[in-house]
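Novice: give me a model of this one.
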Amino acid sequence: MATFNEKQKIELLTQFSLDINEVQDVDILLERILTHSRKFFNADAGSIYLRHGNNLKFSYTQNDTLQRRLGQNKKLIYNTFLIPINNKSIAGYVAGNNKALNIPDVYKMSGSEPYAFDSHFDSLSDYKTCSTLTVPMTNQRGDVIGVMQILNAKGPENNIIPFFQYDERLINLFAKSAALAIERAQITRNIIMRMISMAELRDPLETGAHANRVASYSIEIYEAWARKKEVPAKRIERQKDILRMAAMLHDVGKIAVSDLILKKNGPLTEDEFEEMKSHTYQGARLFKNVQSKFDEMAILVALNHHERWDGTGYPGHINPVTGKPVRGFEGPGGKPLPKKREEIPIAGRIVSVADVFDALSTHRYYKESWTKERSIEEMQRCSGSRFDPEVIDAFISCLDVLESIARRYPDIKPQSALNP
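Specialist: Here you go, the predicted structure:
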């Protein structure tokens with residue numbers, strides 16, 4: 001990382017604040033905020049904690065030293081956890097007192113401080129935390145909505161140095177901008193989750209955990225696929241933002257399908273299955289008044305996530321507004337001709353893989369979850385028939401990250417219908 005003087009940092013602060021306000025999805029936003037703040041202050045690592053009641057949730061982390069050990073195109077795996085907002089921990093103290101802490105060396109504190117440094121992570125990861133700068137993220141009302149912590153400032157020779165005192169003022173300004181962006185993104189996420197909750201009232205499979213897993217899987221698979229295709233990094237970041245939100249709503253069209261079909265305890269008739277298939281274009285229809293790139297992506301995902309690489313999926317070349325075949329793509333009996341291979345937009349091909357993998361590897365009311373090995377074997381078996389082989393290759397390359405996502409968004413498992 002480069003080092004910046006104070007004037008350059010103020011210019012970067014303005015640039016970064018504008019950039020994060022363009023991000024709509026809260027998870028992508030946390031990644032962007034931490035990337036910018038570490039670049040801003042030349043920090044080796046950092047974490048963001050978001051407030052959940054009287055606790056802080058460890059929500060995102062980055063670490064250049066640990067990342068280098070993993071090798072190229074591998075991602076840092078981490079689990080989320082809660083810490084109480086009190087004076088015992090550094091982050092808890094900052095949140096509870098709405099006060100920044102700039103500590104030159106966490107291992108050389110006097111011992112008279114009310115807070116303490118937990119060295120457990122350092123021991124597990126063989127990492128040495130030294131300097132830390134921890135700041136509250138406050139909204140316009142002055143409420144603390146989270147905490148940002150950056151670690152191990154780097155000097156000109158890449159040596160670890162303390163954070164400068166004037167950095168405290170600058171990071172507090174950036175933290176305020178970040179907090180406003182986070183609140184806005186949380187509002188967007190809450191709206192999406194309410195839409196999913198509406199679908200869940202109709203279909204017990206459409207849970208928030210399922211939607212979050214499919215969305216998170218999708219952006220990891222997309223990133224792996226896009227890197228292999230040498231897609232520019234800026235385009236990848238833009239696409240990840242809108243793809244994650246759109247993927248959450250892949251099955252929102254099920255709110256237009258009859259309860260008798262969604263909750264039927266048994267195989268569907270041919271007519272019932274035809275109505276079930278309509279959820280693809282019914283979902284796309286919700287976004288027909290296109291006003292943003294998100295609307296465009298939501299249409300692509302809803303309409304195409306049940307298409308198959310070999311052309312045996314649905315709904316095919318259909319106009320989502322009319323529910324009729326696209327002109328020139330009518331098949332026998334006036335039905336839409338199927339889509340196949342690259343006719344299927346890449347967003348649909350990716351969400352299809354994410355959705356099926358989640359269906360296989362998690363509990364459903366009609367089946368128990370498959371083992372990891374069995375699920376992966378089935379996904380590979382369907383490569384070239386149901387799924388795009390290149391997307392399956394991308395899926396396989398990031399399985400370790402997908403496993404950590406599954407742990408982050410667990411289902412509340414109902415009593416099994418198979419084993420009452």
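
Novice: now the strands: where do they sit in the stretch 151-300 of the chain?
Specialist: Here the stretch 151-300 of the chain has its strands, by DSSP state E, counting those that start in this stretch, at 160-161.

Novice: show me where it dips below the pLDDT cut-off.
Specialist: 202-206 (pLDDT under 70).

Novice: and if we set it to 80?
Specialist: 198-207, 259-266 (pLDDT under 80).

Novice: which residues in it form helices?
Specialist: 165-202, 208-228, 233-248, 259-262, 270-277, 279-285, 293-304 (DSSP state H, counting those that start in this stretch).

Novice: and the fifth one, which residues are buried?
Specialist: It stands for helix 270-277. E272, E275, M276, K277 (16 or more other C-beta atoms under 10 Å). Heads up, the C-betas are built off the backbone N, CA and C, glycines and all.

Novice: contact partners for the first one?
Specialist: Remark: with contacts taken as C-beta atoms under 8 Å, 6 or more residues apart in numbering, E272 is in contact with I261, K264.

Novice: enumerate every residue touching the residue nearest the centre of the chain.
Specialist: For the chain, the residue sitting closest to the mean C-alpha position, by C-alpha atoms, centre = their mean, is S216 at 4.1 Å. Counting by C-beta under 8 Å, 6+ apart, S216 touches D27, R244, I405, R408, Y409.

Novice: nearest to N87, of those residues?
Specialist: N87 lies nearest to R408 out of these, by C-beta to C-beta, at 28.0 Å.

Novice: which residue packs closest to the closest one, ignoring adjacent ones?
Specialist: Residue nearest to R408 in three dimensions, not counting chain neighbours: T80, with 5.5 Å by C-beta to C-beta, 6 or more residues apart in numbering.

Novice: in the chain, which residue sits furthest out from the middle?
Specialist: Distance-from-mean max, the chain, by C-alpha atoms, centre = their mean: G333 at 41.7 Å.

Novice: next one, pLDDT for that residue please.
Specialist: In this model, G333 is scored at 77, pLDDT.

Novice: helix, strand, or coil at it?
Specialist: helix (DSSP: H, G, I helix; E, B strand; the rest coil).

Novice: from S17, how far off is it?
Specialist: Remark: distance between G333 and S17 (C-beta to C-beta, to the nearest Å) = 57 Å.

Novice: what does K335 give?
Specialist: On the measure of C-beta to C-beta, K335 and S17 end up 52 Å apart.

Novice: doesn't K57 lie inside a helix?
Specialist: No. Read with three-state DSSP, K57 is strand and lies in no helix.

Novice: helix, strand, or coil at the closest residue to R227 other than its chain neighbours?
Specialist: Leaving aside its chain neighbours, R227 sits nearest to N73 (6.3 Å; criterion: C-beta to C-beta, 6+ apart). Three-state assignment for N73 (three-state DSSP): coil.

Novice: tell me how many other residues surround N73.
Specialist: If you count neighbours by other C-beta atoms under 10 Å, N73 ends up with 11.

Novice: residue contacts, it?
Specialist: So N73 contacts A224, R227, S397 (C-beta under 8 Å, 6+ apart).

Novice: E275 now?
Specialist: E275 touches V257, S258, I261, counting by C-beta under 8 Å, 6+ apart.

Novice: could I get those as a markdown table with neighbour count?
Specialist: Shown next, in a markdown table, are the contacts of E275 (neighbours: other C-beta atoms under 10 Å):
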| residue | neighbour count |
| --- | --- |
| V257 | 20 |
| S258 | 12 |
| I261 | 20 |
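
Novice: make TSV out of the buried residues of helix 270-277 and add distance to H305.
Specialist: Output for the buried residues of helix 270-277, formatted as TSV (distance: C-beta to C-beta, whole Å):
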residue	distance to H305
E272	20
E275	17
M276	14
K277	12
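
Novice: how about S352: what's its closest non-neighbour residue?
Specialist: Closest to S352 by C-beta to C-beta, 6+ apart is H305, at 5.1 Å.
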